[in-house]
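Novice: Fold the following for me, if possible:
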Amino acid sequence: MPTEHKEWLSPKEVHKEFGLSVSTLAKWRMNNTHLNYTKIGKYIKYKRSDVVEFLELHNVEVVA
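Specialist: Residues are numbered from 1 along each chain as shown. Predicted coordinates:
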């Protein structure tokens, strides 16, 4: 049975699924750098496709 992925993720969910620490995400928000986010009231949400795109853009290809 396929698992459905949520489109919007909290910082804890980003950490759990992608390994980016909650504190790093908070620093990036404070510095307004690296990863787009949405704030609704007190809630911070990251769009899954933005996280995936960010990780793909920062992929380092190793040549043996």
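Novice: what's the spacing between Val51 and Glu17?
Specialist: 8 Å (C-beta to C-beta, to the nearest Å). Quick note: C-beta positions are derived from backbone N, CA and C, even for glycine.
Novice: The spatially most central residue of the chain is in what secondary structure piece?
Specialist: Centroid-nearest residue in the chain: Val51, 3.9 Å away (criterion: C-alpha atoms, centre = their mean). For Val51, the host element (DSSP states H and E) is helix 48-57.
Novice: ok, Val22 - contacts?
Specialist: For Val22, the contact set (C-beta atoms under 8 Å, 6 or more residues apart in numbering) comprises Pro11, Lys12, Val14, His15.
Novice: For the first one, give me its contacts.
Specialist: This means Pro11. Pro11 neighbours (C-beta under 8 Å, 6+ apart): Val22, Leu25, Ala26, Ile44, Tyr46.
Novice: Now do the strands in the chain.
Specialist: In the chain, the segments counted as strands under DSSP state E are 8-9, 38-40, 43-47.
Novice: Pull the residues that contact stretch 34-42.
Specialist: Contacts to stretch 34-42, defined as C-beta under 8 Å, 6+ apart, come from residues Trp8, Leu25, Trp28, Arg29, Ile44, Lys45, Tyr46, Lys47, Asp50, Val51, Phe54.
Novice: what's the most distant pair in those residues?
Specialist: Comparing every pair within these by C-beta to C-beta identifies Trp8 and Trp28 as the most remote, at 17.1 Å.
Novice: higher neighbour count, these two?
Specialist: Legend: neighbour count by other C-beta atoms under 10 Å for Trp8 and Trp28, higher for Trp28 (16 against 13).
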